[in-house]
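>>> Below is the sequence, then the predicted model.
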Amino acid sequence: MSRYVFLDSGPLGMVTNPKATPLTVECQLWLDSLPSRGYAAILPEITDYEVRRELMRAGKVAGIRQLDLLKNLIQYLPISTEAMLKAAQLWAESRRRGRTTADPKELDGDVILAAHAILLANQGNEVVIATTNVRHLSQFFDAREWRLIE
């Protein structure tokens, strides 16, 4: 069994921010400490997309470089057909329960991220999603505020 931490857009945005604020430094140190605590960090493609599109829109070239660098340093998880099928199921179930995470016309990256985490966990791995948005993601999977993952 392996232990994985999936990065959501909140923590990913912090660790790819080239400005060294106390919060971004704390998040980078947290990410760097994961291997010593037995976790492998995973950069899901959907999270890369969510952060990258905003960096591109804002013309933040240094942030894009940081994202590209991180993409080469930790495991990158491309979107799979299996994950998209699972995400569609999660999306439909949450709508039926009245617990939506996004506008009906949006792609809803949260369900795609959760679907990938579920599939990896179903293979016998320990998986947690590191986020700043526990409320949306925790209805699908173990999602914790990044500082609380030890």
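Noted; the coordinates are in hand.
>>> Show me what counts as buried in the lowest-mean-pLDDT helix or strand in the chain.
Least confident helix or strand, the chain: helix 134-137 with a mean of 88, by mean pLDDT, DSSP states H and E. Going by neighbour count (16 or more other CB atoms under 10 Å), the buried part of helix 134-137 is 134, 136-137. For glycine as for every other residue, the C-beta is placed from the backbone atoms N, C-alpha and C.
>>> Quick check: Gln28 vs Val15, distance?
Gln28 is 5 Å from Val15, where distance means CB to CB, to the nearest Å.
>>> More neighbours: which of the two?
Val15 (23 against 18; other CB atoms under 10 Å).
>>> hang on, the more buried one packs against Val25?
No: assessed by CB atoms under 8 Å, Val15 is found out of contact with Val25, at 9.8 Å.
>>> residues contacting the closest residue to Lys71 other than its chain neighbours?
Take Lys71 and drop its neighbours on the chain: the residue closest to it by CB to CB, 6 or more residues apart in numbering is Leu43, 6.0 Å away. Applying CB atoms under 8 Å, 6 or more residues apart in numbering, we find Leu43 in contact with 7, 12, 70-71, 74-77.
>>> pLDDT value on the residue nearest to the spatial centre of the chain, please?
The centroid of the chain falls nearest to Asp8 when counting by CA atoms, centre = their mean (2.3 Å). As predicted, Asp8 sits at a pLDDT of 97.
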